[in-house]
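Undergrad: Attaching a predicted model along with its sequence, questions to come.
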Amino acid sequence: MNNKRALQIFGNRGHDGVARRLTSSWPWLTRDRMSKQKTGRHLPGQILSAPVLITSLFTVSIFTQIIIDDNPANFSYLLSYLTLGLILPSVLLTLNHIIILALIDIGGVLILPGILPEITFFEVIPPFVFLSLSIGLVLLTVNQRNKSRINRKADSRKGESDFGANSEGPNQTERALQASEANLRATLNSIGDAVISTDIQGKIANMNPVAEQLTGWNLAEAQGKALTKVFKIVNSQTKKPAVNPVGKVLESGKFVGLANHTMLIAKDGAEYQIADSAAPIINETGATTGVVLVFRDVTEEYRMQEALRESEARFQQISEVIEDVFQISELKTGDILFANPAFEKIWGRPVQELYEDGGLWDEGIHPDDVKRIQIIWGRMVELGNSYDEEYRVIRPDGSMRWVRDRTYPIRDESGQVYRTVGIAQDITERKLSEEALLKNQALYRQAEQIGHMGYWEWDEVEDGLIACSEQYAHIFEMTVDEILAVTSSSELDSEFIHENDRERYKQVMDTKIALKEGWNLEYQIITRTGKVVYVHELGEPVFDEHGIFVRSIGTLQDITESKLVEEKLLKSQALFRQAELMGKIGHWEWDYQDDRMVSCSEQFARIYEMTVDEALKYFSNSKAVVSLVLQEDREWFNQSYQDSLEQRKGHEIEFRLITHSGAIRHIHSVNERVVNDQGEIISGIGTIQDITERVEAEAALKESEVRFQQLAEAVDEVFVISDVKQNSVIYANQAYEQIWGRTLKELYDDSNQWDAAIHPDDLPQTKKAWARLIEHGERYEEEYRVIRPDGSLRWVRSKQTPVLNESGKIYRFAGIVQDITERVQAEKYLSNIINSMPSVLVGVDSDGKITQWNSEAQRATGLLPEQAVGQPLNQAIPRLASEMERVREAMKLRQVRTDPRRAYKEDGQTRYEEITVFPLIANGVEGAVIRVDDITEQVRLEELMIQSEKMLSVGGLAAGMAHEINNPLAGMMQTANVLSNRLSEDLPANEKAAQEAGTSMEAIRAFMESRGIPRMLAAINDSGRRVAEIVDNMLSFARKTDSSISSHNMSKLMDKTLDLAATDYDLRKRYDFKVIEIVKEYEADLPKVLCESAKIQQVFLNILRNGAHAMQDAANNDEEGQRHVKKSRMSIRISHEKESDMLRIEIEDNGRGMDEATRKRVFEPFFTTKSVGVGTGLGLSVSYFIITENHGGRLDVVSEPGKGSNFIIRLPVDFKE
Amino acid sequence: MKTILILDDEEVLRDVFMAFFEDRLWQPLQASSAEEALEILKKEAPAAVLVDIRLPGMGGDEFIRTALKLKLETAFIICTGSPDYFLPPDLIEIPNVSERLFIKPIMQLEDLEKEVLRVVQRVEKPESENE
């Protein structure tokens, strides 16, 4: 406990008082004070001037500050200083106020009087700052007056305190007065206190400026005047003149302190609270020569003290009221530095014990919580963060309190956490009420569920339910939202309250509300599914201040079960009574001679609500019988009675009688007459049977049937009741005619009408479902189409439920059939759209299982939707297995993913498809739709387009070059031509020139033959011809022909070309076309094709030549490998593709074939696989150009290495340029 | 011996054509431009002119049109190196102008001579046909 710094308070009385009071409230202050008292001296305090403090303040916090100062001058100085720094200071308060502020959590600026800054600022205030973030820092300084006093004290090192209560005072004054005159004057003038000196008569001798200012008298005026005139003092509380200290001093010759509550009234009437003292002026001889009076304005101090007293009183009250424990503890030692008395209340242990042992705090914590709190504490120590925890405290007496503990770390100047401060709040009540609430809620829910009871709240102004419990809605077989949507009372009444009870319900409600009473009634409701439920409602109306009914709350309980039991009981009792009555039908015996009833059974009497005796007494004559017959029935009762008497026969009659209590009973009466030998009726016996219930039931049935009829006719759905055995329709309503387009009469006549109208495609499925219904009583719910006589279709949904007879066997079916055509059409419309899309659309869920499968998907895979749905994607379309990654990615990123060109092999052909994966975002369904488009054609077209463009660019180039090549070529070839003419032909000029040269043409020819000149000339010609051919071919890419187009028979043209090819190859001797086996497959009746025959022939020739080359190469290759010579065979097929109206000409060889790379480039100009000089590399590209550009056809090649190549020419039959 | 004028701006080709027709017992003349050819035409009135189309200065077509205005009994046979050349419509159906175009290189010069003779005969004949 010695680790605290001392609280130091300056030694003027006012502040001592403050300290005393403070320490009484704050024990840790007390101890310090006591230690001071033990040492017997006040340690000099460190005084921080305002600027220094402000500087230190700014290093800590900028926004909120607390200023503690008791000097208004300082305060205003700080105020302006802080305002400059954008800080808003405010109230003037004391230390206690700070604590209060911290506790009640308000922000602001505090000014504390005369307490030494350092201790308060760094030790006391930070806890509050941390506790309540809205309070900033404490800035404090001693007031200027204290400062000056300290300075003065320092000057007069003699050790006496100044105006203190100790008796050394006069000595000090004496010494001061013994100083030199000049010094004295200077001192007097500069000290902060007022000084007045008097002579021995008490007349004023001197005054310093402060005294002048306070008294309002200047020295000149005052000198020589009696002190009492200038220095008017009164008791500030009683306003009575106070004892003049000067007189006292003069009287006693001793130092006199001022009485408390002394007020100085200045010349101008201003009042100052002063503290003063007077001492005698003693001369060297020791005689008193006068009095010196020292006083100062303590108005401010006085006011402050008063305020402090008041604030402390307030604080005392608050701290008594405050029930939260406020504590400060030392981190290192774990000691509790401070805790307020509330600790005792919560922990149930004295605060003093806590001071002695800080561990007491944790000891009080519930064993289940203490570990958690210690861990959190440890974390706070480690990381310096605050905590806010709730835990239980066990008091020594075993009772438990819930505590909310907010603890904050405090850092010292170096930023090190060294203390913690916390507030522990007793939240037991809250906790318990929370628990109780939870428990209540749980209990209530349980109760609701067990009791089938629901809570509701009705708003009369809104005319609607505004709240209800789940159970309440459940009674109506609705959700809370659904039932809350039913707003108006009329709606609620008419829809849910059973019509039998509606009137009564309304009546009770109206009466009870008018009486401002709660209600308690039972009635029946009809739930959404049409179930009749008995409910018990307890309700309480709520009225506003004007007495208007605004709301009602209550509960609703489903009492159907108990009601049913009750009803059953009633029924069985009724049955019993009935049985009794029926078993012993009330009988009577009448004596016609005496005209009175001679006997009757108990039951007879009971019907009349009489005892047997009463009955016998009552029915003393026949008039009495008639009198109890209902008026309306009397006439025919008499009639029938008279008739029976006349005919002397018994009769049977139904009539109504009035019972003893006035009730009307329907009676079935049978009687017999006993006739004597004279034919006179002697007596009669008979029975009466109360048939009231039967009659009423009949009437009710009739009514109910009428109602049902009305309902049935009003609805759009078909109600149908059918008989199981007969398999016939017993009842159907009008709606049948609307949907089926057939009359009910037809249906009743022939129940097969029903099924006959069902669409044949739907019939098997409905029959199966029907069979399941009959055999197993399974729920029947089918959607099917009905064909009306006019051929139009209606979609219906039929729901059928079995109706059981008393023995629990199905004997009927009740069904409802709804016209769902419009809904189905909307659905179909959507699925039609999906199905008519030319792309494969496959929906998958997040597991990759198929959920959707459109027609195109079915067409592409051959799988039916029923087969595909539910299957994993990679099974349905194996080649999409590799796409699952993309699908998952699309779902995860919710972004469309595409694979724009995906190649795959099918039947040995490369096909292309584009795959797009769309994530499904709507309605929370995880999944994706995969669209697969076959883009093979598109890709081919793109390839072809590239070809064409290449060719066209070659063509453009050739057109420019041709002239430039042709001229020199002409020079060369034509020269060779003339050269050949001149060297070999028998031209006269040749002969002549030979003779002139002394030789003959024969000799020259012989020479030339011998030297091989003709062959060389032919070589020039040949080469020239080749160049010319290339140029010509290249030109064909560019040249727009205007040559005539006419119809040609392709088979004939092909045959002609084959002949030509044979000679062509024959001539060249390079390979023998004739050894090639030609297989022709020409379709009969081929249409003619509009084309340029020469060009088409050129194409055929090119392809044939190409094929021959390929087969030649294949043979050569085989020679290298095994000695296996494949027979070269060329298959030529011509057919008509009717779909596209194109003639298809296939030229297939069995040569080497080509790989994919070659196949792609085969139509490229100058692309050749033949050795240099063998081909121009233009043949196929020219052919391609002719077919596609000139004839609007297509030229494709299908080929695989080792399997030959198949060139497919397609020419439009009806070609238009 | 009939006269044939070779109009071609390329000397090598003129020489070849000259040599060929000389050997075939024609009397060949030559001109390297249309203007020069027109001068010769006025003086010599050859039976035929072998006309190149692309020429410096006046082109082959224009030369034929100008020459036709001289009302000479001369046949014009076009021989050009431009494969995309077509006979202009105003020169079609004119008997003096050969409808067969010769594109250089001419593989068989003998074909050329045959055509020249054919057109020369056609030009000479009209009177007899009229008779």
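TA: Nice, thanks for sending it over.
Undergrad: So B:Met1: helix, strand or coil?
TA: Assigned with DSSP: H, G, I helix; E, B strand; the rest coil, B:Met1 falls in the coil class.
Undergrad: what pLDDT, on average, does the helix or strand hosting A:Phe604 get?
TA: According to DSSP states H and E, A:Phe604 maps onto helix A:602-607. For helix A:602-607, mean pLDDT is 82.
Undergrad: same question, stretch A:874-891
TA: Per-region confidence: stretch A:874-891 scores 83 on mean pLDDT.
Undergrad: Any idea how far it is from the middle of the chain?
TA: Chain-centre distance of stretch A:874-891: 30 Å, with Cα atoms, centre = their mean, to the nearest Å.
Undergrad: Show me what that stretch is in contact with.
TA: The set of residues that contact stretch A:874-891 without belonging to it, under Cβ atoms under 8 Å, 6 or more residues apart in numbering or on different chains, is A:842, A:844, A:846, A:848, A:850, A:853, A:857, A:861, A:863, A:868, A:873, A:895-897, A:899, A:904, A:915, A:917-920, A:926-928, A:930, A:932. Where you see a C-beta, it was placed from the backbone N, CA and C, and this is true even at glycine.
Undergrad: Surely A:Arg349 is in contact with A:Asp357?
TA: No - the pair A:Arg349 / A:Asp357 is not scored as a contact, 9.8 Å apart, by Cβ atoms under 8 Å.
Undergrad: When these two are compared, which one has more neighbours?
TA: Higher neighbour count among A:Arg349 and A:Asp357: A:Arg349, with 18 against 13, using other Cβ atoms under 10 Å in any protein chain shown.
Undergrad: where does the more buried one land in three-state SS?
TA: coil.
Undergrad: Show me what counts as buried in stretch A:409-421.
TA: Within stretch A:409-421, the residues scored as buried using 16 or more other Cβ atoms under 10 Å in any protein chain shown are A:409-410, A:417, A:419-421.
Undergrad: ditto for stretch B:33-44
TA: Per 16+ other Cβ under 10 Å, stretch B:33-44 contains these buried residues: B:33-34, B:37-38, B:40-41.
Undergrad: And the contacts of it?
TA: B:3, B:5, B:7, B:9, B:29, B:31, B:46, B:49, B:55-60, B:62-63, B:66-67, B:70, B:72, B:74.
Undergrad: Filter those down to the ones in helices?
TA: B:60, B:62-63, B:66-67 (DSSP state H).
Undergrad: Whichever of the residues you listed end up buried, select them in PyMOL.
TA: Remark: buried members of the ones in helices among the contacts of stretch B:33-44, expressed as a PyMOL selection using 16+ other Cβ under 10 Å:
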select buried, chain B and resi 60+63+67
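Undergrad: Name the residues of chain A found near chain B, please.
TA: Contacts of chain A with chain B, taken as Cβ under 8 Å from any Cβ of the partner chain, map to A:959, A:962-964, A:966-967, A:969-975, A:977-978, A:981-982, A:985, A:987-990, A:1021, A:1024-1025, A:1028, A:1031-1032, A:1035, A:1038-1039.
Undergrad: coming back round to it: could I get the ones in helices among the contacts of stretch B:33-44 in a markdown table, plus columns for pLDDT and distance to B:Glu93?
TA: Output for the ones in helices among the contacts of stretch B:33-44, formatted as a markdown table (pLDDT from 0 to 100; distance: Cβ to Cβ, whole Å):
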| residue | pLDDT | distance to B:Glu93 |
| --- | --- | --- |
| B:Gly60 | 93 | 18 |
| B:Glu62 | 93 | 18 |
| B:Phe63 | 94 | 19 |
| B:Thr66 | 93 | 19 |
| B:Ala67 | 93 | 17 |
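Undergrad: can you give me the offset of the lengthiest helix in chain B from its chain's centre?
TA: Assignment by DSSP H gives helix B:109-124 as the longest helix of chain B. Distance of helix B:109-124 from the chain centroid (Cα atoms, centre = their mean) equals 10 Å.
Undergrad: Any residue of it touching chain A?
TA: Yes - residues of helix B:109-124 are located near chain A by Cβ under 8 Å from any Cβ, namely B:Leu109.
Undergrad: got a list of contacts for that helix?
TA: With Cβ under 8 Å, 6+ apart as the criterion, helix B:109-124 contacts A:974, A:977-978, A:981, B:2, B:4, B:20-21, B:24, B:47-48, B:50, B:73-77, B:79, B:95-98, B:100, B:102, B:106.
Undergrad: All the strands of chain B, residue numbers only.
TA: B:3-7, B:27-31, B:48-51, B:75-80, B:102-103 (DSSP state E).
Undergrad: looking at the ones you listed, which is closest to A:Arg1011?
TA: Nearest to A:Arg1011 among the strands of chain B is strand B:27-31; the distance by Cβ to Cβ comes to 30.1 Å.
Undergrad: what's the pLDDT at the residue in the stretch 451-600 of chain A positioned nearest to chain B?
TA: Residue of the stretch 451-600 of chain A nearest chain B, by Cβ to the nearest Cβ: A:Asp481 (83.8 Å). Here, the pLDDT recorded for A:Asp481 equals 82.
Undergrad: Near it, how many other residues are there?
TA: Counted with other Cβ under 10 Å, residues neighbouring A:Asp481 total 8.
Undergrad: is it fair to say it lies in a helix?
TA: Yes - looking at A:Asp481 with three-state DSSP, it is inside a helix.
Undergrad: Pull up the residues of chain B that are close to chain A.
TA: Counting by Cβ under 8 Å from any Cβ, chain B sits next to chain A at B:10, B:12-13, B:16-17, B:19-20, B:22-23, B:25, B:54, B:80-84, B:103-109.
Undergrad: Would you mind listing the buried residues in the longest helix of chain B?
TA: So for helix B:109-124, counting by 16+ other Cβ under 10 Å, buried means B:109, B:112-113, B:115-117, B:119-120, B:123.
Undergrad: Output the longest helix belonging to chain A.
TA: Chain A, longest helix under DSSP H: helix A:936-984.
Undergrad: by contact count, what packs against that helix?
TA: On a contact count with 3 or more Cβ pairs under 8 Å, 6 or more residues apart in numbering or on different chains; DSSP states H and E, helix A:936-984 meets strand A:909-919, helix A:988-996, helix A:1001-1011, helix A:1013-1036, helix A:1179-1185, helix B:11-23, helix B:109-124.
Undergrad: switch the cut-off to 7 Å
TA: On a contact count with 3 or more Cβ pairs under 7 Å, 6 or more residues apart in numbering or on different chains; DSSP states H and E, helix A:936-984 meets strand A:909-919, helix A:1001-1011, helix A:1013-1036, helix A:1179-1185, helix B:11-23.
Undergrad: Nearest to A:Val246, out of these?
TA: strand A:909-919 (103.2 Å).
Undergrad: Work out the gap between the closest one and the centre of the chain.
TA: Counting by Cα atoms, centre = their mean, strand A:909-919 comes out at 35 Å from the chain centroid.
Undergrad: which of the contacts of stretch B:33-44 count as buried?
TA: The buried subset of the contacts of stretch B:33-44 - by 16+ other Cβ under 10 Å - is B:3, B:5, B:7, B:9, B:29, B:31, B:46, B:49, B:55, B:58, B:60, B:63, B:67, B:72, B:74.
Undergrad: show me the contacts for the second one.
TA: Taking Cβ atoms under 7 Å, 6 or more residues apart in numbering or on different chains as the definition of contact, the neighbours of B:Leu5 are B:29, B:31, B:37, B:40-41, B:46, B:49.
Undergrad: could these be laid out in a markdown table, adding pLDDT?
TA: Shown next, in a markdown table, are the contacts of B:Leu5 (pLDDT from 0 to 100):
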| residue | pLDDT |
| --- | --- |
| B:Leu29 | 95 |
| B:Ala31 | 95 |
| B:Ala37 | 94 |
| B:Ile40 | 94 |
| B:Leu41 | 92 |
| B:Pro46 | 93 |
| B:Val49 | 96 |
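Undergrad: Just the closest of these to A:Lys1138, please.
TA: Using Cβ to Cβ, the contacts of B:Leu5 come closest to A:Lys1138 at B:Val49, 57.3 Å.
Undergrad: Restricted to buried residues, select the contacts of stretch A:874-891 in ChimeraX.
TA: Here is the ChimeraX command that selects the buried residues among those (16+ other Cβ under 10 Å):
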select /A:842,844,848,850,853,857,861,863,868,873,897,915,917,918,919,920,927,928,930,932
